[in-house]
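>>> Sequence first, then the predicted structure:
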Amino acid sequence: MLLNCDLGESYGSWAMGLDAEVMPHIDQANIACGFHGGDPLTIGNTLAMAAEHGVQVGAHPAYPDLVGFGRRSMALSAEEIISSMHYQIAALEGMARTAGLTLAYVKPHGALYNDMMAREEVRHAIMRAMAAYHSELLLMLQATPEADTHRAEAADFGLELLFEAFADRCYDDDGRLLSRRRPGAVHNRENMLAQVAQLKAQGTVTTVSGKTLELSVDTLCVHGDNPEGVQAIREIRALIQGS
């Protein structure tokens, strides 16, 4: 199981996340592409840090919503989603190549990620966008009990998936992330480490109501804007490595 983090989300004089503290301890950096966060200088600096620490890089595209940090759903058509995906991925891929890095995967951000998981039409638009892109990239999406269905959908588009679980987020009984508007949606340090240990040892998570869900997980996310997660990153690293 790999460890990933959403990074490069600062914009202008507005600082977001603790990228320098996180980067030495992760395997994959999901880098904002400018639509919800990230500006050219931030992107360049984040890529340079990834290169320094040997971290794999992926694009982290979003709805065009800087004001809402990409956390609000938008009524985009399939064509608009496809074009906005291509625009953002191409921007990051170009900067990555300039930094001597190869883009490996795509992980949608925020509301676009949530809509991808909840709505087939959004998920298929994202898959269409990636299938039409000139480079072969993996799509990172949430590990849920519907993983076999999502894997079959991706195969229809000629795509491979990376299934992701979350260290610092609580799950609902359907295997989705509990809304940030609900109490307990973001774990404290104790619950976060317990969830990571459970995923590593048993391949399961415990939902908000106490239900146990089996998940097939390739990569584990710790959010860079969650200070509890960043402070526990070494312990999380040790847990997933089994040390």
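Sure thing, it's come through. It should be emphasised that the depicted structure is a prediction, and the values quoted were computed from it without experimental measurement.

>>> Going by C-alpha atoms from here, please, whenever you check contacts or count neighbours.
Noted.

>>> Please name every helix or strand in contact with the longest helix seen in the chain.
Identified as the longest helix of the chain according to DSSP state H is helix 78-98. Where contact means 3 or more CA pairs under 8 Å, 6 or more residues apart in numbering; DSSP states H and E, helix 78-98 is packed against helix 40-53, strand 56-60, strand 103-106, helix 120-132.

>>> Point out the most buried one among the ones you listed.
Among the helices and strands packed on helix 78-98, ranked by average contacts under mean count of other CA atoms under 10 Å, first place goes to strand 56-60 (a mean of 26).

>>> Name every strand pairing with that strand and say which way it goes.
Sheet pairing here is set by DSSP bridges, and for strand 56-60 it gives strand 28-32 (parallel), strand 103-106 (parallel).

>>> And the helices in this structure, which stretches?
19-22, 40-53, 78-98, 110-118, 120-132, 147-156, 189-202, 227-231, 233-241.

>>> returning to what we had before: turn the strands paired with strand 56-60 into TSV, including distance to Gly8 and mean pLDDT.
TSV is the format used below for these (distance: least, CA to CA, whole Å; pLDDT from 0 to 100):
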stretch	distance to Gly8	mean pLDDT
strand 28-32	5	98
strand 103-106	14	98
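
>>> closest one to Gln198 among these?
strand 28-32 (21.5 Å; CA to CA).

>>> Return the angle between stretch directions for the closest one and helix 78-98.
If you take axes from the mean of the first three to the mean of the last three CA atoms, to 10 degrees, strand 28-32 sits at 120 degrees to helix 78-98.

>>> got the CA coordinates for strand 28-32 in PDB?
C-alpha atoms of strand 28-32 as PDB (Å, rounded to 0.1, in the frame of the first residue of the first chain):
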ATOM      1  CA  GLN A  28       2.700   9.900  -4.500                       C
ATOM      2  CA  ALA A  29       2.000  13.600  -4.700                       C
ATOM      3  CA  ASN A  30      -1.400  14.700  -6.100                       C
ATOM      4  CA  ILE A  31      -0.600  18.200  -7.400                       C
ATOM      5  CA  ALA A  32      -3.200  20.900  -7.900                       C
END
